[in-house]
Every structure is written in C-alpha cells, then in structure tokens.
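J.: Make a model of this:
(one chain, ligands or ions: 1)
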Amino acid sequence: MIGREYPTQNYEEWLAFITAHLPEPVSQELVSDGSMLLMGGDPGQVIVRLTRSTVTVLEYAARREELHTPGVTPRRVGSVVWRRVPNARAVAAVHALIDAARDARLAKFRTCERCAQSTPPESMHDDAVCQSCAALPRAGRPGDVVGSGGSGGR
Ligand SMILES: [Zn+2]
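T.: Residues are numbered from 1 along each chain as shown. As a prediction, the model looks like this:
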C-alpha cells in the first residue's frame with residue numbers, strides 16, 4: 001500500500017515552473033524510470049531531474065570531444081524533496097539551485113581570442129582558442145589581423 005497519492009497537478013506545476021526558470025532553450029526528455037529530465041541552455045547550462053517526489057538540479061558538464069568520451073557528466077548542485085517541504089519554500093530552494101548551477105556553469109565559459117564567442121570549456125581547444133577556430137587554417141601570425149575585405153578603418 002502506497003501512502004498518500006500526490007495530485008498530478010503538483011507535478012505539472014513543477015514542470016511548468018522549472019521550464020520557465022531554466023535558461024532558454026529548454027528541452028524535455030522522459031526517462032525510462034518515469035522521471036523527467038529538463039535541460040536549459042544551448043550549449044547546456046542547467047539540468048533538472050523531476051520525479052514525483054524530488055527535484056534535483058545539476059550543473060551541465062560535458063567532456064571535451066577530442067577525448068573521445070562522449071556523454072554528459074553533470075555535477076549535482078542539490079535536491080529538494082518537494083513533497084516534504086511547504087510549496088513556497090520548495091519553489092524558492094529550487095529557484096536558488098537553478099541560479100547557482102547556471103552561475104557555476106557560466107563561470108567556466110571562456111571567450112575565444114579569435115572569434116570572441118563565449119565558449120563552454122568542452123568546446124575550447126586550449127585556454128585561448130575554441131575548437132572551431134583551432135580547426136581553421138590560420139592566415140598570418142598571432143595578433144596579425146588580416147583584412148577580410150570591406151574593413152573601412154577609422
Ligand atoms: Zn573561436
């Protein structure tokens with residue numbers, strides 16, 4: 001005999017709340033164990049796992065492609081057993097965990113020296129250059145900006 005059944009709408013409300021508070025775009029994936037996996041951001045920033053009792057917040061992480069170890073290895077930031085906590089407190093806690101996970105993830109992004117794109121660590125070739133730029137043939141020496149046509153100058 002299972003204890004009290006929790007109204008489905010609670011779960012649906014959590015789903016809506018989490019979706020609204022994750023960085024865009026948000027993707028959802030129903031896992032075989034019945035939990036819902038939500039990922040926010042592209043490249044990923046925050047992952048949330050929602051079950052009928054618990055919300056778990058993880059900082060998105062991925063290994064560098066060049067290591068040939070595909071697969072995400074997220075780092076858990078915290079969990080809230082939402083059915084044991086008054087709703088307002090649970091909501092505040094999950095909100096804080098999502099913000100903390102996002103901040104931790106974004107703090108690891110680097111700005112590529114060549115294309116100036118904010119780049120997640122797994123997409124950096126080294127500390128300075130992203131993998132896309134590293135794969136391009138280089139024209140000129142470092143710091144020697146080759147005019148790409150149409151540059152007006154000042
Ligand atoms: Zn780059």
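J.: When you work out contacts or count neighbours from here on, use the C-alpha atoms and nothing else.
T.: Noted.
J.: In terms of residue numbering, what are the domains of this structure?
T.: 8-106, 109-138 (automatic domain parsing).
J.: need the residues of the chain near the ion, please.
T.: Cys112, Cys115, Cys130, Cys133 (CA under 5 Å from the ion).
J.: Show me which helix runs longest in the protein.
T.: For the chain, the helix with the greatest residue count under DSSP state H is helix 87-106.
J.: Which neighbours in the sheet does the helix or strand following that one have, and how are they oriented?
T.: With elements assigned by DSSP states H and E, the helix or strand that comes after helix 87-106 is strand 110-111. When pairs are called by DSSP bridges, strand 110-111 turns out to pair with strand 118-119 (antiparallel).
J.: What average pLDDT does the partner strand get?
T.: Averaged over strand 118-119, pLDDT sits at 94.
J.: chain center to that strand: distance?
T.: From the chain centre to the centre of strand 118-119 is a distance of 13 Å (CA atoms, centre = their mean, to the nearest Å).
J.: Send me the longest helix of the chain as CSV with only the CA atoms.
T.: C-alpha atoms of helix 87-106 as CSV (Å, rounded to 0.1, in the frame of the first residue of the first chain):
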residue,chain,number,x,y,z
ASN,A,87,5.5,24.6,-1.6
ALA,A,88,6.7,28.2,-1.3
ARG,A,89,9.9,27.1,0.3
ALA,A,90,10.5,24.3,-2.2
VAL,A,91,10.0,26.7,-5.0
ALA,A,92,12.4,29.2,-3.5
ALA,A,93,15.0,26.5,-3.0
VAL,A,94,14.7,25.1,-6.5
HIS,A,95,14.9,28.6,-7.9
ALA,A,96,18.2,29.2,-6.0
LEU,A,97,19.6,25.9,-7.0
ILE,A,98,18.9,26.6,-10.7
ASP,A,99,20.6,30.0,-10.4
ALA,A,100,23.6,28.5,-8.6
ALA,A,101,24.0,25.8,-11.2
ARG,A,102,23.7,28.3,-14.1
ASP,A,103,26.2,30.7,-12.5
ALA,A,104,28.7,27.9,-11.9
ARG,A,105,28.4,26.7,-15.4
LEU,A,106,28.7,30.2,-17.0
